[in-house]
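In: no sequence for this one, just the structure:
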């Protein structure tokens, strides 16, 4: 039966829901289509879906489809402004029954219903559903009076509902939404706090409580967390919050004593401890200073730090290096769960301590007005933190714990090193971004912030620890690795405050250490590679750079057994910091470049994962970039690896992007010698930009960049294979995406490289593209379009036949008609005023670029220019005289808005050359012509330079990039640079005088009506 003709009823809906839950894909698709039809045609669907969900006699899978469809409908149609929104009466019916299923047995169905209630409350509370919180509170009170099995289920369900309701309300950003939540928070907080305490009192004394009680108390904590964070603006000012805060701290202490062992009970306790940690962390993050004014918060942070210290002691007592190797015992496996839990708690402790540092030194900015009480509270909290937590004794102790306990490699670290060195190395490299979730990166983050903000207290003690072990004779590898970690992280502070001489340390200690070939010294070699990478951007003298390169060269040597894969990968990644540094010197690096390339390329062959290959390729790319033209002796070897790498990547477009980036750097560095790589480069460009490959969406940006660099570094004559790529420009330009600018630049580069070929073979599709773009672009991309057109016209020079062909294509494509339309719109806008004034769609910068194109046509051939105006006049029906009139009127008027000297001179040359037409429409504008001549020539004279010097600044620099060489030649040959302005004006003015009967007759006929001051200023130029 056709979907449109199926009437909606309770029975038909059940049939469709049953079909939607069927294993048959055909039935599922048919049912989905029918439900989609009803969504937009019959609003009764939503209440009937709720009927199906509430009917517990139906199969669970049918009720599941019903509740999911209802949830999606609430998302799409509950808002009043939504298309096909749910009618008011249907909403009322649904709301009235939302809380009637709190005895739902299925947890999955109950969760979906809770999500729906949360979404509806976000929209309707308090205006359309004012009693949602009173009803929920009443149910909680009733069920919590006697927590039997039946009431426990209801209490669990209503707490799940309340959790989603509060979650939705607390996510609101509008002040009204937050105010609504803060209004109901005190009562809700009191009720839930009592339920939580009562449940804990019921299960805490027993060793095997009912699981429902643990779940209820945990749900209470989840809701209370959101109420504490979002329901109170200043939680420290509420007595009830302070009392409950103390209870939470007592519970944390007692819960921690119950977390040893296994079983569901212990897992439940651990969940409570973790969630208590989340409460403390969110409060310290979102109520930064009020958190520390709550009773016992300072002691709470100290207690947590005690857990950090205890966990650190546990880690320190586990010997990862020794006679037993790194094998894990069965007991180790059994203790994994306990260790993971202890680590999470320790992580919470570190984050809380970090929150103290941030609260004092980097408080969260606020833009609202702060009352005096808030300012006083802030001052009190900061003083309390500095005296109780951030004093010198605690800070030094904290630093010692971090360095000696958490910076040391663990047994699990060394196991991962041995089992999968490649994956371990990459994971370690990326771990710093996850510092809020991993304890080692968190320790490093806390250490860096402590040293940065308390450097006067910590720099000295850290330097003392460093001095005690910074000799090759100190052989505690793990301790030295930890200290070197700290020295690397604190590089900037140690260099400034204690003036650590890293050059001497590197020469006297690191160089001997990386040559020690004893067991486990690979750990130290890896750390040395990282340490130098951290210090090279801070302070390593230019004279010590060869030592840096020698160390990396040694660490990349595969034949040394201590240089395992982890060491070499770390050395490769750290090398990029030495290469990318501001003080990098090409000549100092060149003696090592050949061997470095060989080792990196060999390392790339050795690794397997795409991520690792990309990391090494990135280092190679940076070397190419910094060596620039000096990379030529090594380029061949780099390029040789591209084809097999490209084939091996398959569909991994990110790796293909990296390959194109490196190839771009090679081409750019090789300059015109990159032509020998065209056999490989051009097919890759085609693959990246061609629409049929399926890779265009991923590789287009990198492909265009490679294309552009290839053209600019190609010498003339142009290789035929490169010209074969030109047709791919046109569909890319029509896409009009964010890559349009680069496509237009490529087009202009082609015109500069091969002007004849572009004019003869591609001018028609080229101007079709330009015509589709002109007028619709912003100023900068429009300038690129008109600049390319200028290049085409400039390439034709004074060849009237060539100019004629180009201009015909400009007319046929619609380019010039659109240009004239834009100029006319601007002129027309100037003619209107008042309420009915018209406004031009073309801004001043774009209008200037239009006149530059017209100027190029005039310089090419005035006869062709006149023909264009005649064509436009016929096309618009205005005729030649009227069209030429408003065109010159707008042109001369806009000249005063042209700011660049080059542009002003180009337009002057065009205005002046129009005199050779010897027509009235130009001769009557001698007044405006003389004003332009006087303005430009005087401007040049006042600068005490010729007009050409004002415009072009020619450096005597042998540029090695072919594109710049071509551009320089074009610039020097351009009339704007090569023509003397005074001689140009004099030539065409004298020519016009002779054509009009000589100087006296010319003056009497055409100069008579010129303003005396304008004429007098022009005569001072001495051109006549």
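Out: Thanks, I have the structure now. Owing to the predicted nature of the structure, the values given are computational and were not obtained by experimental measurement.
In: from now on I want contacts and neighbour counts done on CA atoms only, so please keep to that.
Out: Fine.
In: ok, now which ones touch the residue nearest to residue 1015 when sequence neighbours are not counted?
Out: Once flanking residues are discounted, residue 1015 sits nearest to residue 930: 7.2 Å by CA to CA, 6 or more residues apart in numbering. By CA atoms under 8 Å, 6 or more residues apart in numbering, residue 930 lies in contact with 1014, 1015, 1018.
In: and residue 698, by the same measure?
Out: 653, 654, 657.
In: out of those residues, the closest to residue 216 would be?
Out: residue 654 (47.3 Å; CA to CA).
In: how many residues are close by the closest one?
Out: 14 (other CA atoms under 10 Å).
In: now do the buried residues in the one helix or strand it maps to.
Out: Using DSSP states H and E, residue 654 maps to helix 653-670. Of all the residues in helix 653-670, those buried under the rule 16 or more other CA atoms under 10 Å are 653, 655-670.
In: okay if I get the contacts of residue 930 as JSON lines plus neighbour count?
Out: Listed next are the contacts of residue 930 as JSON lines, based on neighbours: other CA atoms under 10 Å:
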{"residue": "1014", "neighbour count": "15"}
{"residue": "1015", "neighbour count": "18"}
{"residue": "1018", "neighbour count": "22"}
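In: between these, which is closest to residue 484?
Out: residue 1018 (77.3 Å).
In: surely that closest one touches residue 935?
Out: No. Contact between residue 1018 and residue 935 fails when scored by CA atoms under 8 Å: they sit 9.0 Å apart.
In: average pLDDT for stretch 472-492?
Out: Averaged across stretch 472-492, pLDDT comes to 91.
In: again with stretch 137-153
Out: For stretch 137-153, the per-residue pLDDT averages 91.
In: buried sites along whichever helix in the chain runs longest?
Out: The longest helix of the chain (DSSP state H) is helix 175-203. Buried residues in helix 175-203, counted by 16+ other CA under 10 Å: 177-179, 181-182, 185-186, 188-189, 191-200, 203.
In: for stretch 586-597, same thing?
Out: 589, 593, 596, 597.
In: swap in stretch 627-636?
Out: Counting neighbours by 16+ other CA under 10 Å, stretch 627-636 gives 627, 628, 629, 630, 631, 632, 634, 635 as buried.
In: what's the closest non-adjacent residue to the fifth one?
Out: Same thing as residue 631. residue 624 (6.1 Å).
In: can you name every helix or strand that the one helix or strand residue 622 maps to contacts?
Out: Per DSSP H and E, residue 622 falls inside helix 610-627. In terms of contacts (3 or more CA pairs under 8 Å, 6 or more residues apart in numbering; DSSP states H and E), helix 610-627 is packed against helix 421-430, helix 565-579, helix 586-606, helix 653-670.
In: show me which positions of it end up buried.
Out: Within helix 610-627, the residues scored as buried using 16+ other CA under 10 Å are 612-627.
In: out of the residues you listed, which comes closest to residue 884?
Out: So of the buried residues of helix 610-627, ranked by how close each gets to residue 884 (CA to CA), first place is residue 625, at 53.5 Å.
In: quick one: the closest one and residue 667 touch, right?
Out: No. The pair residue 625 / residue 667 is not scored as a contact, 10.3 Å apart, by CA under 8 Å.
In: so what pLDDT did the nearest residue to residue 577 once chain neighbours are set aside get?
Out: Leaving aside its sequence neighbours, residue 577 sits nearest to residue 533 (CA to CA, 6+ apart; 5.5 Å). Note on residue 533: pLDDT of 94.
In: what about the helices and strands packed on helix 610-627, which gets the closest to residue 842?
Out: Going by CA to CA, the one of the helices and strands packed on helix 610-627 nearest residue 842 is helix 653-670, 37.2 Å.
In: can you check what angle separates that closest one from helix 610-627?
Out: 20 degrees (axes from the mean of the first three to the mean of the last three CA atoms, to 10 degrees).
In: tell me which residues of whichever helix or strand comes after helix 653-670 come out buried.
Out: The helix or strand immediately downstream of helix 653-670 is helix 678-689, counting by DSSP H and E. Residues of helix 678-689 classed as buried: 678, 681, 682, 684, 685, 686, 687, 688, 689 (neighbour count, 16+ other CA under 10 Å).
In: which helices and strands sit right next to helix 678-689?
Out: So helix 678-689, by 3+ CA pairs under 8 Å, 6+ apart, packs with helix 696-712.
In: and the helix it packs on with helix 678-689, angle?
Out: 140 degrees.
In: one step back: helix or strand for the residue nearest to residue 577, just tell me which one.
Out: Going by DSSP H and E, residue 533 is part of helix 521-535.
In: one more: residue 214?
Out: Using DSSP H and E, residue 214 falls in helix 211-230.
In: quick check: mean pLDDT of that helix?
Out: Helix 211-230 comes out at a mean pLDDT of 94.
In: so what touches it?
Out: Against helix 211-230 from outside (CA under 8 Å, 6+ apart): 152-153, 155-156, 159-160, 162-163, 166-167, 170, 178, 181-182, 185, 189, 192-193, 195-197, 199-200, 202-203, 235, 241, 265, 268-269, 271-272, 275-276, 279, 282-283, 286-287.
In: just stretch 289-297 next, same as before
Out: Taking CA under 8 Å, 6+ apart as the rule, stretch 289-297 contacts 234-236, 242, 245-246, 249, 283-284, 298, 359, 377-378, 381-382, 385.
In: out of these, who's nearest residue 422?
Out: residue 284 (38.1 Å).
In: how about the closest one: what's its closest non-neighbour residue?
Out: According to CA to CA, 6+ apart, the nearest residue to residue 284 is residue 291 (5.4 Å).
In: measure the one you found to residue 199 for me?
Out: Residue 291 is 26 Å from residue 199, where distance means CA to CA, to the nearest Å.
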